[in-house]
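J.: what follows is a protein structure lacking sequence information:
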């Protein structure tokens, strides 16, 4: 709910601005490189799906401070007037190398390298981590549901449970990228061109004299596109009312699309509902299920052979409930041509600009990745980081969501099954190249000597 | 990420719009009442903190569909032209009764009752649940950290981990409401007038020749407001560098405000750091700690007597990691003067417009709550639902964030300790009034007879 006169420039941790002033006042304004990566897999994850590049590029292309932003900063009494003038003219003039949005990646692999004057690149930290953390968590979670559903229809029902409107729209986008078929979020449909879909709520049924009457009225408005919710009072009685409505629709030359189950034992109710529908000759009426589903429950239902044609998933998936955050980091790896790292306990980083190489088998299957220094060669391997911005401008048009979706589907098929397991997946093989590990050891050694630390 | 020509009117589940058309086409446009409530406590919660009313009222006052919204809906080929004309003129004309923002409430208690023409009140479902679910989760989580910190300073460091910019700004707001002292999120500071605070990042230190040099440069820019991050290379060596810088600052007539620990064993490191600072005569320099902290870790550190003056909390708190969602529901409870409910397994609702009464002891302490029909009397008890909108307009000005914060502090003191336990808290006593339970039983009975269900 940003106010119109406040820009995303202000969406930055306050220390980014105090550091910027200290950099500026001490003339420490040389070129820097930052790497963005996720250190550890969230629980039960054997891979991650990179998302958030679209937001990153849009942000960096538009980074600036408005007069209102500057007036606010001035009011804090902490900033030098000349520094604020400088900030008023600041734009991002650097370059960005990144994986393609929708790429499958692994722990510790940089997904974005940002190079530019240190103040500009530093200021971007908060927004970049925020967006890539969020979108990557959600895309990864959605891909797990797609895997579990084994081709059954999936609709995003998360809009009421995501952490805000922005998160709802991003979940709709990245879940579609990962293979969902539609969203219930109308705004996301409008913004991103995702198919929208919906059924009906219990409240609709309760306003009418009876459930059957409500079904008839809904079918009059949407004679060939109705999905009737059958669990308001009693599920199987509801199915019988849906049968009555469906047979009436058939007599008018129309057809009921589906019924929706939203509570109770979905396996048992779907079997009984299927039998009732088939006994009435309504074999073409589909069964749609919802109600607190995630990849684990979808997996169980599909394995058990539940006669369910599609799932609406919301709550637990839209917040990635089992793993709602990652330890996504954006770390300085080079300043003024000098590779750097931090040694903080458990949080050591890899120095310098990097490239990630992927080796594939003859049929395209992923074999192993290597994190290397940028510019190293690794013959026959695929380079995952590509140039996306130079001198503050994007170097290629934004791919369409449909393209990203198709590409994700192809890539996901190349990831061996063992890394897709919903519980305790295998650990994919990620090497650090010899050149990069030699560099790391050297920089660690230099830092220790320089700071007077014991071995 | 909303586009300027798309309004929040479109942020609605698609079924709200298809139901609206069906209501409209069947002339089912009578007055309705919806109750918003949370059915179950999230894990380890014995109370909830109501937040999101500000967003609710702002949304309802501005609810409308722009030409761009209508053009999008038309493009879907699902809606009647006359219905879209009707939608173009739709505004919220109903009334709202709600608890005050920041109120402490309990499972199943309605926090908002919305009354109005059924189409208007139904359309608001998605946004209202989204915002109240989000803000209430975050306010509740923040209040737990405040409780654990027992008066130590708390700074919101969550901006990089929340689910989007909107969630970051809302977390800053509700954590301040619940008693945090400041936020690192500059945008939230500007939007909501919350004090902003920040230290420095590892990257700042790494750009300079040495840690000590970076401390000196930062102190030159902020001679009396510096907090130096000491764990980039080795924490205790970092503390000694901070001591050197602090003694230099003192000679210039300035003072170091604090050091910050961000990794390792915070209890041990804080004790050793305190000793080093005190040995150097720097007893006034504070110790600030951060790094993946939540209420459980803050509680342990405070109980152990760690000499830490303040905590920066982010990741796990800003997404309410142990409970990132609630089963927040918005249910039709009355249509055209007729109380209604749904019987769905495990999701039965309480019919009719309601009031929540709170009984207090002589010293103000909460004794028990009663969920009753609106208009019932409960002498001596406090009425928690108050009128906030009538005929589509707010009936009172928005209270300031400072007022809400003060009031929350007073109320939180009235909640008995047993319900504040961080693990397995007690269950607060919430009754359903005899009149309301009689009504529920009657409506259940009527619905079963009407739908031909067995007892």
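T.: Right, received. Where do you want to start? Owing to the predicted nature of the structure, the values given are computational and were not obtained by experimental measurement.
J.: so where do the helices sit in the stretch 151-300 of chain A?
T.: A:165-177, A:186-192, A:202-207, A:211-221, A:235-251, A:266-279, A:295-303 (DSSP state H, counting those that start in this stretch).
J.: residues near residue A:405, how many?
T.: 17 (other C-beta atoms under 10 Å in any protein chain shown). Just so you know, the C-beta spots here come from the backbone N, C-alpha and C atoms, and that holds for glycine as well.
J.: what's the closest non-adjacent residue to it?
T.: Closest residue to residue A:405 apart from its sequence neighbours, by C-beta to C-beta, 6 or more residues apart in numbering or on different chains: residue A:177 at 5.2 Å.
J.: looking at the helices of the stretch 151-300 of chain A, which is buried most?
T.: helix A:165-177 (a mean of 29; mean count of other C-beta atoms under 10 Å in any protein chain shown).
J.: contact partners for the residue nearest to residue A:405?
T.: Applying C-beta atoms under 8 Å, 6 or more residues apart in numbering or on different chains, we find residue A:177 in contact with A:51, A:101, A:102, A:139, A:142, A:401, A:404, A:405, A:408.
J.: hang on, the last one packs against residue A:179?
T.: In other words, residue A:408. Yes: using C-beta atoms under 8 Å, residue A:408 is in contact with residue A:179, at 7.0 Å.
J.: give me the more crowded residue out of these two.
T.: Using other C-beta under 10 Å as the criterion, residue A:408 and residue A:179 rank with residue A:408 on top: 26 against 18.
J.: assign a three-state SS to the more buried one, would you?
T.: Put simply, residue A:408 is helix when judged by DSSP: H, G, I helix; E, B strand; the rest coil.
J.: what separates it from residue A:56, distance-wise?
T.: 18 Å (C-beta to C-beta, to the nearest Å).
J.: need the contacts of residue A:177 in CSV (columns: secondary structure and pLDDT).
T.: Formatted as CSV, the contacts of residue A:177 follow (DSSP: H, G, I helix; E, B strand; the rest coil; pLDDT from 0 to 100):
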residue, secondary structure, pLDDT
A:51, coil, 98
A:101, coil, 97
A:102, coil, 97
A:139, helix, 98
A:142, helix, 98
A:401, helix, 97
A:404, helix, 98
A:405, helix, 98
A:408, helix, 98
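J.: what about residue A:411, which helix or strand?
T.: helix A:401-414 (DSSP states H and E).
J.: would you mark the buried spots in that helix?
T.: A:401, A:404, A:405, A:407, A:408, A:411, A:412 (16 or more other C-beta atoms under 10 Å in any protein chain shown).
J.: and the residues you listed, which is closest to residue A:446?
T.: residue A:411 (38.8 Å; C-beta to C-beta).
J.: I'd say the closest one and residue A:101 touch.
T.: No: the pair residue A:411 / residue A:101 is not scored as a contact, 11.5 Å apart, by C-beta under 8 Å.
J.: for the residue in the stretch 251-400 of chain A that chain B sits nearest to, which three-state class applies?
T.: Nearest residue of the stretch 251-400 of chain A to chain B (C-beta to the nearest C-beta) works out as residue A:332 at 3.5 Å. Secondary structure for residue A:332, judged by three-state DSSP, is strand.
J.: what is the burial count for it?
T.: Using other C-beta under 10 Å, residue A:332 has 26 other residues around it.
J.: ok, residue A:283 next?
T.: 10.
J.: ok so residue A:119 is a helix residue?
T.: Yes: judged by three-state DSSP, residue A:119 forms part of a helix.
J.: beta partners of the residue lying closest to residue A:57 once chain neighbours are set aside?
T.: In space, and not counting its chain neighbours, residue A:57 is closest to residue A:394: 5.4 Å by C-beta to C-beta, 6+ apart. On the basis of DSSP bridges, residue A:394 is bridged to residue A:389.
J.: isn't residue A:394 up against residue A:61?
T.: Yes: between residue A:394 and residue A:61 there is a contact at 6.5 Å, judged by C-beta under 8 Å.
J.: show me what contacts the residue of the stretch 251-400 of chain A closest to chain B?
T.: By C-beta under 8 Å, 6+ apart, the contact list for residue A:332 reads A:32, A:33, A:34, A:122, A:340, B:202, B:203, B:206, B:207.
J.: so how far is chain B from the most centrally placed residue in chain A?
T.: Nearest to the mean C-alpha position of chain A, by C-alpha atoms, centre = their mean, lies residue A:135 at 2.7 Å. Separation of residue A:135 from chain B (C-beta to the nearest C-beta, to the nearest Å): 9 Å.
J.: helix or strand right after the helix holding residue A:411?
T.: Following helix A:401-414 toward the C-terminus (DSSP H and E): strand A:430-432.
J.: quick one: distance of that following strand to the chain centre.
T.: 24 Å (C-alpha atoms, centre = their mean, to the nearest Å).
J.: go on, stretch A:446-455?
T.: For stretch A:446-455, the distance to the chain centre is 40 Å (C-alpha atoms, centre = their mean).
J.: again, but for stretch A:243-261
T.: Distance, centroid of stretch A:243-261 to centroid of chain: 37 Å (C-alpha atoms, centre = their mean).
J.: give me the residues contacting that stretch.
T.: Residues contacting stretch A:243-261 (C-beta under 8 Å, 6+ apart): A:199-200, A:212, A:215-216, A:219, A:223-231, A:235, A:238-239, A:242, A:269-270, A:273, A:276-277, A:280, A:282, A:284-291, A:308-310, A:312.
J.: try 6 Å
T.: The contact list for stretch A:243-261, computed with C-beta atoms under 6 Å, 6 or more residues apart in numbering or on different chains, reads A:199, A:215-216, A:219, A:223-230, A:242, A:269, A:280, A:282, A:285-289.
J.: same check, this time on stretch A:361-377
T.: Against stretch A:361-377 from outside (C-beta under 6 Å, 6+ apart): A:109, A:352-359, A:414-415, A:429-433, A:435-436.
J.: need the residues of the stretch 51-200 of chain A near chain B, please.
T.: A:72, A:126, A:129-130, A:134, A:159-161, A:163-167, A:169, A:184, A:186-187, A:190, A:196, A:198-200 (C-beta under 6 Å from any C-beta of the partner chain).
J.: tell me the contacts of residue A:102?
T.: So residue A:102 contacts A:177, A:404, A:407, A:408 (C-beta under 6 Å, 6+ apart).
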